[in-house]
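*Asks:* After the sequence you'll find the predicted model.
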Amino acid sequence: MKRLIENWVHIPGIHCGSVTLRDVMTFFGHGWSEEMCFGVGGGLGFYYTIGENISPTHMIFMRGPGMETSFFSLIIGKTEWKHAEAGRAVETIKGVIDRGIPAIIQTDIFYLHYYKSSTHFPGHIISVWGYDDEKGEVYVADTQFEGLKAVSYEDLATSMASDEPPNPLNNNYLDMTVPKEVRPLSELAPEAVLMNASKMLDGVTGGRGESGVRLIKAWADDLPSWKDVHDWKWCARFGYQVIKKRGVGGAGFRWIYRDFLREAETLSPLLSGLGLSGKMDRIGERWSEAADLLKDISERGKPEKSLLKKASQMAAGIYGMETEYYSYVLEKLGGK
């Protein structure tokens, strides 16, 4: 059997999760921007994970957990990842397609052949829009790629079941319909801004561990000790990449979020006049500068204590800026 959802949608963009949300919302008749989807999902976060079983051994990650489920929970009610039975991921996803709706899935890019990746990255979000039993493949929409990409049934199953750290998968997928009428963005956006600020201040646990502003402080405090880490060069290079290069829109998602705020400020009286987008822009500038310093550190022949100390001071400054921003949001919106 062969099935391709009529009027499938994919517009290449910046980040896997927000592109997927935008594509699915467009399919259901809601022309929201990628930046709006990222913001409504409360996409900001910060992890700092240390472990000898991960590469690099000291890893930062800049997006918060549960953006996709938070997004749909705010719009259509409580939503959680579903889990296909072991060995039945392909049949489960085909069943979603047979209902005429796309499936959102979590994958490991190592098993998606079109990436030609030599490293694992579990948790990559894509959408599935069709399948062909004769060819043994599904058709997926993925971030910056044009059109739909073919993925074999075997690779799909392996990718969805990847147990690689720090975010092992469990055949995770979402299947939902979005009604034609949803609450206006003028209401949703302020709620999302407040939700993201609360999560950053309180901390929230996801597949990669705890995410929150306090982890920025922990990272800042730990940076000088990287001089004694055997893979210090890769730690610094990876940090540079996840802040500036790996589908984050520059500045560790802070500029995607800034653009969400700019759009939201034109729609919501609660947000206009608070100056949130300007604050986030300045935070993003500091993150971009920190990324450049990490890149410099990674290109040295040995770990430079003075540069690691400078990076630590920059990270501590960012911690202060983000803490001030989230506290300001709670002050202005917490009682609304």
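*Replies:* Cool, the structure landed.
*Asks:* secondary structure class for residue 46?
*Replies:* strand (DSSP: H, G, I helix; E, B strand; the rest coil).
*Asks:* the strands in the stretch 51-200 of the chain, which residues?
*Replies:* Counting by DSSP state E, counting those that start in this stretch, the stretch 51-200 of the chain has strands at residues 58-63, 82-83, 103-108, 122-132, 137-141, 149-152, 172-174.
*Asks:* out of those strands, deepest packed?
*Replies:* strand 103-108 (a mean of 26; mean count of other CB atoms under 10 Å). In short, each C-beta sits where N, CA and C put it, glycine included.
*Asks:* if we look at that strand, which residues are touching it?
*Replies:* If you take CB atoms under 8 Å, 6 or more residues apart in numbering as the criterion, strand 103-108 is touched by 20, 24, 68, 81, 93, 96-97, 120-128, 156, 158-160, 162, 164, 169, 172-175.
*Asks:* mind running it again at 7 Å?
*Replies:* Strand 103-108 is contacted from outside by 20, 24, 68, 93, 96-97, 120-128, 159-160, 162, 164, 169, 172-175, using CB atoms under 7 Å, 6 or more residues apart in numbering.
*Asks:* what's the answer for stretch 319-334, then?
*Replies:* Stretch 319-334 is contacted from outside by 190, 193-194, 197-198, 200-201, 213, 216-217, 220, 270, 274, 279-280, 283, 286, using CB under 7 Å, 6+ apart.
*Asks:* go on, stretch 118-132?
*Replies:* Here stretch 118-132 has contacts from 2-5, 8, 16-17, 20, 23-24, 68, 93-94, 97, 102-110, 137-142, 148, 162, 164, 167-169, 207, using CB under 7 Å, 6+ apart.
*Asks:* run the last query once more with 6 Å
*Replies:* Residues from elsewhere that reach stretch 118-132, judged by CB atoms under 6 Å, 6 or more residues apart in numbering: 2-5, 8, 16-17, 20, 23, 93-94, 97, 102-104, 106-110, 138-142, 162, 164, 167, 169.
*Asks:* quick one: average confidence on it?
*Replies:* On average, the pLDDT along stretch 118-132 is 95.
*Asks:* how far does it sit from the chain's center?
*Replies:* 14 Å (CA atoms, centre = their mean, to the nearest Å).
*Asks:* Phi first, then psi, for residue 323.
*Replies:* The phi/psi pair for residue 323 (degrees, to the nearest 10) reads phi -60, psi -40.
*Asks:* How many residues are close by it?
*Replies:* Residue 323 is flanked by 16 other residues according to other CB atoms under 10 Å.
*Asks:* And the lowest mean pLDDT element among the helices and strands of the protein?
*Replies:* strand 204-206 (a mean of 88; mean pLDDT, DSSP states H and E).
*Asks:* what pairs with it, and is each one parallel or antiparallel?
*Replies:* Applying DSSP bridges to the sheet, strand 204-206 is found paired with strand 209-211 (antiparallel).
*Asks:* Give me the mean pLDDT for the partner strand.
*Replies:* pLDDT averaged over strand 209-211 gives 93.
*Asks:* after it comes which helix or strand?
*Replies:* Heading C-terminal from strand 209-211, the first helix or strand you meet, by DSSP states H and E, is helix 213-222.
*Asks:* Alpha carbons of that next one, in PDB - could you do that?
*Replies:* Taking C-alpha atoms only, helix 213-222 is exported to PDB below (Å, rounded to 0.1, in the frame of the first residue of the first chain):
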ATOM      1  CA  VAL A 213      18.700  29.300  34.600                       C
ATOM      2  CA  ARG A 214      20.700  27.800  37.600                       C
ATOM      3  CA  LEU A 215      22.400  25.500  35.200                       C
ATOM      4  CA  ILE A 216      24.000  28.500  33.500                       C
ATOM      5  CA  LYS A 217      25.500  29.400  36.900                       C
ATOM      6  CA  ALA A 218      26.700  25.900  37.300                       C
ATOM      7  CA  TRP A 219      28.300  25.900  33.900                       C
ATOM      8  CA  ALA A 220      29.900  29.300  34.600                       C
ATOM      9  CA  ASP A 221      31.400  28.000  37.900                       C
ATOM     10  CA  ASP A 222      32.700  24.900  36.200                       C
END
